[in-house]
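**Student:** A predicted structure for the sequence below; I have some questions about it.
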Amino acid sequence: MNAEEKKRAVAMWGLALCLLSAAAGWMFMRFGQAWSIADLPQSDSVGWIVSAYIIAEVMMIPVAGKAADRFGCRPVLALGSFVFILSSLLCTVSLTVGMLATLRLAQGAGAGIMLAIAFTAVGKLYEPSKRGKCHELMTAAFAIGSLFASAAGYYLTDTFNWRAGFVVLSAMAGAGFAVAWKFLPPTSGSEEKTDIADTAAVALLFGTAALYTQTVNDKFDLLSVPSAVFAAAIIALAALALALGKRSGNPALPVRMGGFEKKLMFLMFMFSMCGLGLIQYFFKLYLAYYEFDIYAASSYFLLLILGAAGPSMLGCRKVFATGVRPWVLTGSAIVAASLIITHFIADKGTLQFGISLFLFGLGLGFIVTEVLCSLQTVVEKKDMGQHTGCLMAIRMIGILVGNAVVGSYISEVLHGSRVTRVIDLNATGNALEEMASNFFSDIRQASASLDEGLMASVLIMAAVAAALAAVAYALEKDDVSALRRDGESPGER
């Protein structure tokens, strides 16, 4: 690499650290947040500490992607990093649950901006044949932050205080931004003015969808009048966003996508729902069947990452030459098979549980990064943020839907009708034991319920994954054709 290439590579590591912070911020208080903030006044609004972050993050991803096309990556990254770091530090001085949830809303907005810029910058700064390794770095940062943040949050809270997690997040984001700002090359912006009404409609659409995933099965049932109202509102907002986008000369949504891109968006949503959404299933399955130990449960995710690493590193480097179809077809078949295997062996022992996770990760390694690389192959650089931001927002919604649909049953079995409140730990010296006694009055009964209900849901997800293979098979080699049509360098268009 020459000097400029080395600087750009260092900038990617800075962006990856920002992305790691954003992903960790989503998950590090998700499990056991009531215990985490036991020194704050009791409140029935504890659940919003996580939900506020998620909603704001999803809202800002497509907006930030479009802003990167308009203003370039560096200034948008600066804004997102500043909001994330400042709100993280302010979280440490929260006096009430409501104050903390409000600051988490701002923190999530900053996280959404950083997430969108991390993936968009790769598409803007690298040609297709060189994007794969950078996207693998970003995907790894996202996965590590999401999978291990809960255990890290537990450790920091047990060792110091719940506020320590916010200090660590702000420090990581600050260090990542400093590196990225110093070495990230400027990217050109556009002279086209932003359509405020169109952008607001898009943000409201994704925010409403995220809000629905955070309230369904908690505030109301999946099959209920409030749920139907939410669904109608989401459909109406989608119609409004599409209508405004078609009338706008600079829409926030890629409303003029071809069939190839639409299929990729659909596949990303469905596989995120079937795949990454089931991570919560594995996590709580371990806690219910084997031991209430968040550290041991989190350690098994190393097997999932190990399974995904090989095909992902190979696929993201080769997909620009082969096209995405063979990768998605292979991955969907492995995901479907691994979920069926899980149905029969995951509850038989920790070895079988680990094998299930490894196979599951193996299948995902053929899909997620390859779809992203393929989409960016057929997109012009001037619209890279628009398409990438939309794809990543759809990916997040897919994850949340998977958690809502599959995870809701788990939560119902494990928690029953328990209302999440701050737990008084003054009389105990072991937080995990206290949580276990509060959360699981009868582990054996919970395990039996899981065996009857959740394993069946895994079979349903496997059937969905198999059906998606048919959609993947219908993909043409549009990504490869784009490379050949544009002299192997569509990124210069």
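**Tutor:** Thanks, I have the structure now. Treat the numbers as computed from the prediction; the structure is a model and nothing was measured. Residues are numbered from 1 along each chain as shown.
**Student:** contacts made by stretch 119-131 with the rest, please.
**Tutor:** 8, 11-12, 15, 64-65, 68, 73, 77, 134-135, 138, 184-185, 187, 316, 320-321, 372-373, 376-377, 379, 381, 384-385, 388-389, 392, 483, 488-492 (C-beta atoms under 8 Å, 6 or more residues apart in numbering). C-betas here are computed from N, CA, C, even on glycine.
**Student:** mind checking which of those land in helices?
**Tutor:** Judged by DSSP state H, these include 8, 11-12, 15, 64-65, 68, 73, 77, 134-135, 138, 316, 320-321, 372-373, 376-377, 384-385, 388-389, 392, 483 as members of helices.
**Student:** selection in ChimeraX covering whichever of the contacts of stretch 119-131 are buried, please.
**Tutor:** Selecting only the buried entries of the contacts of stretch 119-131 in ChimeraX, with 16 or more other C-beta atoms under 10 Å as the criterion:
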select :8,11,12,15,64,65,68,73,77,134,135,138,184,187,316,320,372,373,376,377,379,381,384,385,388,389,392,483,490,491
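**Student:** backbone phi and psi for Val324, please?
**Tutor:** Dihedral pair for Val324: phi -80, psi -20, per degrees, to the nearest 10.
**Student:** measure Ala116 to Ser88 for me?
**Tutor:** Distance of Ala116 to Ser88, given as C-beta to C-beta, to the nearest Å: 18 Å.
**Student:** those two: which is more packed in?
**Tutor:** Remark: of Ala116 and Ser88, Ala116 carries more neighbours, 32 against 27, as counted by other C-beta atoms under 10 Å.
**Student:** dump the residue contacts of the closest residue to the more buried one other than its chain neighbours.
**Tutor:** Distance criterion C-beta to C-beta, 6 or more residues apart in numbering; nearest residue to Ala116, sequence neighbours excluded, is Ala64 at 3.8 Å. Taking C-beta under 8 Å, 6+ apart as the criterion, Ala64 is in contact with 76, 80, 112-113, 115-117, 120, 385, 389.
**Student:** how does it look with 6 Å?
**Tutor:** Shown in contact with Ala64 (C-beta atoms under 6 Å, 6 or more residues apart in numbering): 76, 113, 116.
**Student:** shaky segments in the protein?
**Tutor:** 31-32, 34, 275-292, 347, 405-461, 486-493 (pLDDT under 70).
**Student:** go through the host helix or strand of Ala22 and flag the buried ones.
**Tutor:** Using DSSP states H and E, Ala22 sits within helix 3-27. Residues 8, 11-27 are the ones in helix 3-27 that count as buried (16+ other C-beta under 10 Å).
**Student:** just give me the neighbour total for Ser374.
**Tutor:** If we define neighbours as other C-beta under 10 Å, then Ser374 has 31 of them.
**Student:** and the gap between it and His387?
**Tutor:** Ser374 sits 11 Å away from His387, taking C-beta to C-beta as the criterion.
**Student:** kindly report the same for Met268.
**Tutor:** For Met268, the distance to His387 equals 12 Å [C-beta to C-beta].
**Student:** when the two are compared, which one has more neighbours?
**Tutor:** His387 (26 against 23).
**Student:** check contacts around that one.
**Tutor:** By C-beta under 6 Å, 6+ apart, the contact set of His387 is 254, 379.
**Student:** what do you get for Pro186?
**Tutor:** Counting by C-beta under 6 Å, 6+ apart, Pro186 has contacts 72, 74.
**Student:** got it, and Thr157?
**Tutor:** Residues near Thr157 by C-beta under 6 Å, 6+ apart: Ser36.
**Student:** surely it is in a helix?
**Tutor:** Yes - under DSSP: H, G, I helix; E, B strand; the rest coil, Thr157 sits within a helix.
**Student:** what distance separates stretch 334-344 from the centre of its chain?
**Tutor:** Its chain's C-alpha centre and that of stretch 334-344 lie 22 Å apart, by C-alpha atoms, centre = their mean, to the nearest Å.
**Student:** other residues contacting stretch 256-265?
**Tutor:** Defining contact as C-beta under 6 Å, 6+ apart, one finds that stretch 256-265 is touched by 371, 375, 394, 475, 478.
**Student:** do you know how far the nearest residue to the fourth one once chain neighbours are set aside is from Gly315?
**Tutor:** Yep, that's Leu475 we're talking about. Leaving aside its sequence neighbours, Leu475 sits nearest to Arg325 (C-beta to C-beta, 6+ apart; 4.5 Å). Counting by C-beta to C-beta, the separation of Arg325 from Gly315 is 12 Å.
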